[in-house]
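Enquirer: predicted model, plus sequence, below.
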Amino acid sequence: MMTNTRSRNRFFGSVALGGVAYLALSATGFVAVAVGQTSVSAPALAPLEVPARTIPVPNTVSPDMQKIIGAPLRANWNIQPKSGDEWKPVAEAGAAITMKNVPGMRDRLKVNFEPKTERLHNTMLNEFYRVAFRKRIYETINQLQADLDAWVAAYNEARPHQGRWCYGKTPMRTFLDTLPIAKEKSIQAA
């Protein structure tokens with residue numbers, strides 16, 4: 001006995017031969033053969049694609065959050081790069097968009113740019129954080145703080161600098177060498 005129904009290019013069929021039931025459902029991509037207590041399944045076909053549905057913006061959040069939720073998806077939102085080389089253009093495009101907004105955010109948030117502070121932060125980022133996070137997974141903030149303190153000590157007391165007034169000495173040696181001059185000048189100013 002065989003039943004065959006076609007509907008919208010989908011096939012549903014079943015066959016019964018001598019106590020063995022065969023069932024084929026191509027719409028779901030599943031084929032099963034049942035013999036007593038045994039069943040065999042064939043690999044599934046390509047998944048069925050369905051259109052996305054429209055989801056309303058909730059009214060239980062702030063108006064600013066509603067704008068964020070209701071904003072359209074970014075271009076290429078579903079790109080999933082497999083390697084670092086594929087990620088690079090995606091990251092650069094995102095960074096370019098973000099950098100266009102930075103001057104406006106600085107003005108709006110009244111952020112001042114301090115070159116010396118920014119230089120120190122950049123040095124810490126490149127010479128400590130990026131290196132440390134490649135070498136170790138920190139389980140607590142105290143572990144990170146201990147490593148940062150050790151790096152700052154080495155930065156100030158062991159590593160020679162070419163910066164202003166250091167002339168190849170460590171910052172701590174420069175500070176200690178100029179301390180008598182600073183004390184003399186502060187006494188004269190008083």
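Expert: That came through, no problem. Numbering: from 1, shown residues only.

Enquirer: and the closest residue in space to Tyr138 that isn't next to it in sequence, how far from Asn59?
Expert: Excluding the flanking residues, the one nearest Tyr138 by CB to CB, 6 or more residues apart in numbering is Leu144, at 4.6 Å. (C-beta placed from N, C-alpha, C; glycine too.) Applying CB to CB, to the nearest Å, the value for Leu144 to Asn59 is 41 Å.

Enquirer: and these two? which has more neighbours close in?
Expert: Neighbours were counted for Leu144 and for Asn59 using other CB atoms under 10 Å; Leu144 has more, 16 against 7.

Enquirer: buried ones in stretch 180-189?
Expert: When neighbours are counted by 16 or more other CB atoms under 10 Å, no buried residue of stretch 180-189 is found.

Enquirer: stretch 171-181: which residues count as buried?
Expert: Quick answer for stretch 171-181 (16+ other CB under 10 Å): 171, 173-174.

Enquirer: apologies, that question was intended for stretch 71-82.
Expert: Per 16+ other CB under 10 Å, stretch 71-82 contains no buried residues.

Enquirer: same thing with stretch 155-173?
Expert: 155, 161, 169-171, 173.

Enquirer: for stretch 139-152, same thing?
Expert: 144, 147, 151.

Enquirer: could you pull out the helices in the chain for me?
Expert: Assigned by DSSP state H, the helices in the chain fall at 63-70, 84-109, 115-124, 130-135, 141-157, 171-189.

Enquirer: comparing these by mean pLDDT, which bottoms out?
Expert: Mean pLDDT is lowest for helix 115-124 among the helices of the chain, at a mean of 80.
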